[in-house]
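S.K.: Sequence first, then the predicted structure:
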Amino acid sequence: MKITRKGQVTIPKELHERFDLLPGTNVAFLAEDGRVFVERVFAACAADQGALGHDLVRRMSGTATVRMTTDEIMALTRG
């Protein structure tokens, strides 16, 4: 893969899916022993935490493996 004139690279689909690197995900570049690494950075401020929660809910939406009605879920949580 090549770096664009603007210094951009495209993260391969298999990697951004594997590591949940969604649009808007914060990353940092680290240099070590002549190599460059990309590391996911988790939000530190409250405003970013809201966005992080929203992204988490979006990623999890539709992934449940047990089919339950809302009433069944509420009955479990009210125990």
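M.R.: Arrived safely, thanks for sending.
S.K.: What's the separation between the nearest residue to residue 25 once chain neighbours are set aside and residue 18?
M.R.: Closest residue in space to residue 25, ignoring its immediate chain neighbours: residue 40 at 6.3 Å, by C-beta to C-beta, 6 or more residues apart in numbering. In short, each C-beta sits where N, CA and C put it, glycine included. Computed as C-beta to C-beta, to the nearest Å, the residue 40 to residue 18 distance reads 12 Å.
S.K.: Show me where this structure has its strands.
M.R.: 27-32, 35-40 (DSSP state E).
S.K.: that older thread, what residues are shared contacts of residue 40 and residue 18?
M.R.: Common contacts of residue 40 and residue 18 (C-beta atoms under 8 Å, 6 or more residues apart in numbering): none found.
S.K.: number of nearby residues for residue 26?
M.R.: Neighbours of residue 26 under the rule other C-beta atoms under 10 Å: 14.
S.K.: In space, what's closest to it - neighbours in sequence excluded?
M.R.: residue 41 (4.3 Å).
S.K.: OK, contacts around residue 60?
M.R.: Residue 60 neighbours (C-beta under 8 Å, 6+ apart): none.
S.K.: I should have written residue 77 there, sorry.
M.R.: Residue 77 touches nothing, counting by C-beta under 8 Å, 6+ apart.
S.K.: Distance check, it against residue 6.
M.R.: From residue 77 to residue 6 the distance is 49 Å (C-beta to C-beta).
S.K.: And for residue 62?
M.R.: Counting by C-beta to C-beta, the gap from residue 62 to residue 6 is 35 Å.
S.K.: ditto for residue 55
M.R.: Counting by C-beta to C-beta, the gap from residue 55 to residue 6 is 25 Å.
S.K.: go on, residue 75?
M.R.: Residue 75 is 54 Å from residue 6, by C-beta to C-beta.
S.K.: of the two, who's got more company?
M.R.: Taking other C-beta under 10 Å, residue 75 and residue 6 do not tie; residue 75 has more neighbours (11 against 5).
S.K.: Tell me how many other residues crowd residue 10.
M.R.: 10.
S.K.: Contacts only, for the residue nearest the centre of the chain.
M.R.: Centroid-nearest residue in the chain, with C-alpha atoms, centre = their mean: residue 20, separated by 3.9 Å. Each residue near residue 20 by C-beta under 8 Å, 6+ apart is listed here: residue 59.
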